[in-house]
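Undergrad: requesting a structural model of the entry that follows:
(one chain, ligands or ions: 2)
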Amino acid sequence: MKILVIGSGGREHALVWKLKQSPRVEKIWCAPGNGGIEAEAECLPTDLADVPGLVALGERLSPDLTIVGPELPLVNGMGDAFRTRGWPIVAPSKQAAQLEGSKIFAKQFLRRQGIPTAQMYGEFATSQDAITALSGVNWPVVIKADGLCAGKGVFVAQDAAAAEDFIRRVMDKNELGTGGKRLLLEETLEGEELSFMVVTDGQHYASLVPTRDHKRVFDSNRGPNTGGMGAYSTDELLPPKLRKHILDSIVEPTMRGLTSEGILYQGFLYVGLMLTASGPKVLEFNCRLGDPETQAIVARMDFDLAQVLAELAAETLEPSRLRWKPGASACVVIASRGYPGKFATGIKIDGLTDAERVNGVKIFHAGTHRKDDSIFTSGGRVLGVTSASDSIEAAMATAYDAVGKIRFEGMHFRKDIAANARRVQAAGD
Ligand code: AMP
Ligand code: GLY
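TA: Ligands and ions are numbered 1, 2, ... in the order given. Below you'll find the predicted structure:
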């Protein structure tokens, strides 16, 4: 098989790394890729927003399978463009991608299908209407910009002044571009978050191992939200009773709802959950794999990913093929100084070779590029140091051992990825 992977982050590096282990795979291209992916696949420049350009790339390469990592090409209809040409692709349709591309679409879908989610106060097309509605909400309130906002579209407002400021920045000053044309207000849910992902060909589905992301930039969940500063996976995250509850009350109704509404979903569906005192509730859908959750997930895969995804594209997904290594995995993200705000790029990274020698560790690149024999930073999230082991403690120890060998000016990372795994597990029992 010749496979084309679309994207440039740690998630795509993890996918390429896993796909490459398949005896079926002869060639992998990655567009646009990054400094780490370059060592494992042929990287090609591309504009992720440009579907005609991506179609031209497909025409030129004629891959046996295309796998799309990020949301932008999905929301822009890359899946439909390839499928109408008969080209095998792992990508939900443009309509299905609205589950991530429009928070209002997702909320309405959840409500139509009776799936537990945060109660919505309303959706608004003007700042004045949204601000007026603040008089009727409980505090804190969650404000969500409707469109794609690169992870900046959700704000938990503690009081009316903070809420009004966010609403004006999004709706009047267009700080999030077209993503903020409409917004919704919803109740704040409390509990631990869980990332539950499934893979589906539109008829059959299989769940992936559970993961937990660490969204805040600083230890102890302080500071602003990021794309994710680290993730871990253990089976203990999801005791059998909770797993059954999530499948019965959330995943099954979602799959049935997609089918009954005629929405073609072929690809990965990410269900972001809050485990509240009154049961799990949906915070969000993403129409793709999570990043950095994927890095922790691939570390536990014990099956041929290329085979499974080729079958998915052929609508013959075989859920029993997905087998998982017992134990645990963890991914620690190393970020640039200033991230998630403004950050510098072009800084040389040292120590990668030493870090890669740590037994059981794989370093996935995100924001890097290669020049001659050196690797330089090129993004906010730079590396995802990933490890799998028998226990979460052992996986963490190995990952942090490798992190300690990497150096670049201004680098920062959380020191508590997975640190609360045991406590949360005890609380959930
Ligand atoms: P979303 O993009 O909708 O996942 O939101 C990003 C993050 O905001 C989530 O992972 C949560 O940490 C938080 N969030 C979103 N909705 C809510 C809610 N209703 N209550 C509490 N936190 C939320
Ligand atoms: N880590 C969360 C996401 O990929 O959206």
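Undergrad: neighbours around whichever residue of the stretch 201-350 of the chain sits closest to ligand 1, how many?
TA: Going by Cβ to the nearest ligand atom, ligand 1 is nearest to Glu284 of the stretch 201-350 of the chain, at 3.3 Å. (Glycine included, C-beta is placed from N, CA and C.) Using other Cβ atoms under 10 Å, Glu284 has 18 neighbouring residues.
Undergrad: can you pull the contacts of it?
TA: Applying Cβ atoms under 8 Å, 6 or more residues apart in numbering to Glu284 gives the contacts Glu100, Lys103, Ala106, Gly272.
Undergrad: again, only this time at 10 Å
TA: By Cβ atoms under 10 Å, 6 or more residues apart in numbering, the contact list for Glu284 reads 99-100, 103, 106-107, 117-118, 144, 154, 270-274.
Undergrad: most neighbours among these, please name it.
TA: Going by other Cβ under 10 Å, Lys103 tops the contacts of Glu284 with 27 neighbours.
Undergrad: I'd assumed Arg182 was in contact with it.
TA: Yes - if you go by Cβ atoms under 10 Å, Lys103 and Arg182 touch, sitting 8.7 Å apart.
Undergrad: give me the common contacts of those two.
TA: Glu123, Lys144, Ala145, Asp146, Gly147.
Undergrad: show the buried residues in these.
TA: Neighbour-count burial (16 or more other Cβ atoms under 10 Å) is assigned, among those, to Glu123, Lys144, Ala145, Asp146, Gly147.
Undergrad: reformat those as JSON lines; add pLDDT, distance to Ile363 and secondary structure.
TA: Rendered in JSON lines, the data for these read as follows (pLDDT from 0 to 100; distance: Cβ to Cβ, whole Å; DSSP: H, G, I helix; E, B strand; the rest coil):
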{"residue": "Glu123", "pLDDT": "97", "distance to Ile363": "42", "secondary structure": "strand"}
{"residue": "Lys144", "pLDDT": "97", "distance to Ile363": "34", "secondary structure": "strand"}
{"residue": "Ala145", "pLDDT": "96", "distance to Ile363": "34", "secondary structure": "strand"}
{"residue": "Asp146", "pLDDT": "96", "distance to Ile363": "36", "secondary structure": "coil"}
{"residue": "Gly147", "pLDDT": "94", "distance to Ile363": "33", "secondary structure": "coil"}
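Undergrad: and the stretch 251-400 of the chain, which residues reach ligand 2?
TA: Asn286, Gly290, Asp291, Glu293 (Cβ under 6 Å from any ligand atom).
Undergrad: mind doing that once more with 8 Å?
TA: Tyr270, Gly272, Glu284, Asn286, Arg288, Leu289, Gly290, Asp291, Pro292, Glu293 (Cβ under 8 Å from any ligand atom).
Undergrad: list just the nearest of these to ligand 2.
TA: Gly290 (3.5 Å).
Undergrad: OK, contacts around that closest one?
TA: 11, 195-197, 208, 211, 213, 227-228, 231, 268, 270, 272, 296-297.
Undergrad: quick check: strands, which of those residues are part of them?
TA: Cross-referencing the contacts of Gly290 against strands under DSSP state E gives Ser195, Phe196, Met197, Asp213, Ala231, Phe268, Tyr270, Gly272.
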